[in-house]
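Engineer: Predicted structure and sequence below. I'll ask about it afterward.
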Amino acid sequence: MRHGSFGSGTFRKIFLSYTAILLIPIIVFSTLNVQRNIMEERQRLHEKHTSDANRIGAVVDNKLNELKNLGKVLNGELWVQKMMQNTNVYDGEFDLLKMLEIRRNFENSINSLNVLSFGMIIFPEKGRIFSSWGIYSEDNFFSDIAVFDDETQKMIHNTILEQQYFKVMPPATMKLWGNSKRVIPIFQSLEVVNHPRAVLVLFIDSAYFSDYMRRFGSIESKDILITTHGAPIYRQTRAGADGEPESLRSYELFVPSKESDLQYKMSYFDNSVIGIGNLFSSLLAIMISVAIGALSAFVLAKFTYRPLGALLSKLSAAIRYDDDKSSLVSGSEYNYIEKSFDRLLHENEKLQRSMQDYENAAKSNLFLRLLKGYFTDDQQMNSLKKFGIGYTDEMHYSTLLISFHAIRDVSDFDRIRKIELMGLSNKSPK
């Protein structure tokens with residue numbers, strides 16, 4: 001009877017042991033591999049988001065650099081140098097045609113930047129403002145053309161009195177020719193002195209800037225916030241970000257501007273876990289590894305159980321009792337082998353006792369034949385040698401029959417020895 005099937009308790013234990021030995025490293029390795037993939041995915045996304053954040057910062061910085069270059073170009077214009085002088089000597093040079101040309105060039109420069117609502121050059125000492133619409137006094141310009149609230153107008157007046165290399169101010173609401181606009185003022189002194197005589201003021205239109213950021217900004221970031229000295233000047237939230245699950249975490253990246261004091265803050269979704277969850281190939285590899293591990297455990301269990309099964313087959317072939325056969329089925333194979341060896345030892349002991357009894361009977365029969373003088377065959381001679389009696393045909397023998405009932409003290413070996421010697425002295429020929 002061969003017990004190599006999965007129904008065997010011992011086989012199941014061996015199989016489960018090999019399964020645990022093989023699957024535990026697989027599970028540990030798979031867990032470490034998933035963890036490594038998560039870290040790699042997170043690192044990859046972080047590098048991607050960092051690159052995207054730097055790109056957004058570069059996009060805004062490039063536009064700011066264009067605005068800054070406009071100030072450098074105007075600073076080198078001769079007509080600007082002449083207008084900032086505290087004299088009327090050069091007023092005759094600016095006739096109607098010359099002013100129309102200057103205004104047209106200035107307007108083209110403003111429009112070419114694609115984000116400006118308008119621009120102007122303020123001459124603080126003269127109290128005059130140059131724009132693409134003409135030259136106005138400060139009071140007339142801020143009351144009729146570009147109307148700001150008192151606080152913003154005061155801020156503009158105070159800012160132009162000091163040296164400003166390139167300063168971006170918080171957004172402000174104004175009315176330009178009666179139309180309400182949201183603008184971001186930028187101040188750039190056209191003279192490197194404490195109290196410049198000419199200041200370029202550019203007004204970024206928030207609508208134009210938002211359109212610019214939508215075209216060249218990020219499509220991956222959750223939120224973009226641009227601030228100056230802690231005050232926000234622009235914010236963009238990705239469409240559909242409000243519909244993202246609340247459990248999805250996000251993190252922020254900060255990029256300082258290289259052209260101004262602006263600070264760019266970008267928020268990104270930390271969706272690395274979702275990316276790992278969608279790695280079907282990794283999960284498939286884990287499932288295949290588990291299946292191969294279980295199959296290997298089964299093969300090793302079969303190979304390990306084979307010698308035990310062969311031994312059980314030989315032992316079960318020698319079973320002669322139904323109760324022993326039932327114990328093979330119901331009990332453990334090792335218990336059955338132990339019982340089988342115990343039975344074999346018991347039977348061997350019984351056989352040895354039987355052999356001893358047979359030998360004693362044969363010895364008694366030999367002595368009886370000797371007593372009767374039977375030396376008819378060679379087998380009798382072999383039997384004598386077997387029992388330690390070296391008798392040959394050249395020797396004589398005598399038979400001595402001692403009745404121990406006549407000897408009261410059977411422990412007196414000297415008397416028994418004397419009786420034996422007496423028998424030997426009276427030996428008869430064979």
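Structural biologist: Happy to help now that I have it.
Engineer: what about R103, how many neighbours?
Structural biologist: Using other Cβ atoms under 10 Å, R103 has 16 other residues around it. (Glycine included, C-beta is placed from N, CA and C.)
Engineer: Not counting its own residues, what contacts the one helix or strand it maps to?
Structural biologist: Using DSSP states H and E, R103 sits in helix 96-112. Helix 96-112 is contacted by residues 70, 73-74, 79, 94, 116, 118-119, 130-135, 202 when judged by Cβ atoms under 8 Å, 6 or more residues apart in numbering.
Engineer: Tell me which of these has the lowest pLDDT.
Structural biologist: Of all the contacts of helix 96-112, F94 carries the smallest pLDDT score, 83.
Engineer: shouldn't it be in contact with W79?
Structural biologist: Yes - the pair F94 / W79 is scored as a contact, 7.2 Å apart, by Cβ atoms under 8 Å.
Engineer: Who has more neighbours out of the two?
Structural biologist: Each of F94 and W79 has its neighbours counted (other Cβ under 10 Å); W79 has more, 18 against 14.
Engineer: Which of the helices or strands spans the more buried one?
Structural biologist: Element membership for W79, per DSSP H and E: helix 78-83.
Engineer: and that helix, what does it pack onto?
Structural biologist: Judged by 3 or more Cβ pairs under 8 Å, 6 or more residues apart in numbering; DSSP states H and E, the packing partners of helix 78-83 are strand 116-123.
Engineer: and the strand it packs on, which residues are buried?
Structural biologist: By 16 or more other Cβ atoms under 10 Å, the buried positions in strand 116-123 come out as L116, S117, F118, G119, M120, I121, I122, F123.
Engineer: what's the spacing between the last one and I135?
Structural biologist: In this case it means F123. F123 is 9 Å from I135, where distance means Cβ to Cβ, to the nearest Å.
Engineer: so what sits against both of the two?
Structural biologist: Both F123 and I135 are contacted by I129, under the criterion Cβ under 8 Å, 6+ apart.
Engineer: The biggest strand by length in the chain pairs with which strands?
Structural biologist: Of all segments of type strand in the chain, defined using DSSP state E, the longest is strand 179-189. Paired neighbours of strand 179-189 in the sheet (DSSP bridges): strand 167-168 (antiparallel), strand 172-176 (antiparallel), strand 199-205 (antiparallel).
Engineer: right, and these - which one's nearest F148?
Structural biologist: Judged by Cβ to Cβ, the one of these that comes nearest to F148 is strand 172-176, at 5.0 Å.
Engineer: chain center to the closest one, what's the gap?
Structural biologist: Put simply, strand 172-176 sits 54 Å off its chain's centre (Cα atoms, centre = their mean, to the nearest Å).
Engineer: any residues touching stretch 136-143, and which ones?
Structural biologist: With Cβ under 8 Å, 6+ apart as the criterion, stretch 136-143 contacts M120, I122, G127, R128, I129, S131, D144, I145, F148, Q153.
Engineer: Scan this structure for its longest helix.
Structural biologist: helix 9-75 (DSSP state H).
Engineer: Centre of the chain to the longest strand of the chain, how far?
Structural biologist: How far strand 179-189 lies from its chain's middle: 51 Å, per Cα atoms, centre = their mean.
Engineer: now the angle between strand 116-123 and it, please.
Structural biologist: Angle, strand 179-189 to strand 116-123, by axes from the mean of the first three to the mean of the last three Cα atoms, to 10 degrees: 50 degrees.
Engineer: Need the max-distance pair from the buried residues of strand 116-123.
Structural biologist: Using Cβ to Cβ for every pair in the buried residues of strand 116-123, the one that comes out farthest apart is S117 and F123, at 21.0 Å.
Engineer: quick revisit: got a markdown table for the contacts of stretch 136-143, with distance to N111 and secondary structure too?
Structural biologist: Shown next, in a markdown table, are the contacts of stretch 136-143 (distance: Cβ to Cβ, whole Å; DSSP: H, G, I helix; E, B strand; the rest coil):
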| residue | distance to N111 | secondary structure |
| --- | --- | --- |
| M120 | 14 | strand |
| I122 | 20 | strand |
| G127 | 27 | coil |
| R128 | 23 | strand |
| I129 | 19 | strand |
| S131 | 13 | strand |
| D144 | 22 | helix |
| I145 | 17 | helix |
| F148 | 22 | strand |
| Q153 | 25 | helix |
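Engineer: just the helices in the stretch 201-350 of the chain please.
Structural biologist: In the stretch 201-350 of the chain, the helices defined using DSSP state H, counting those that start in this stretch lie at 206-216, 272-277, 280-317, 322-330, 333-372.
Engineer: out of the ones you listed, which comes closest to M84?
Structural biologist: Here helix 206-216 is closest among the helices of the stretch 201-350 of the chain (Cβ to Cβ), at 28.8 Å.
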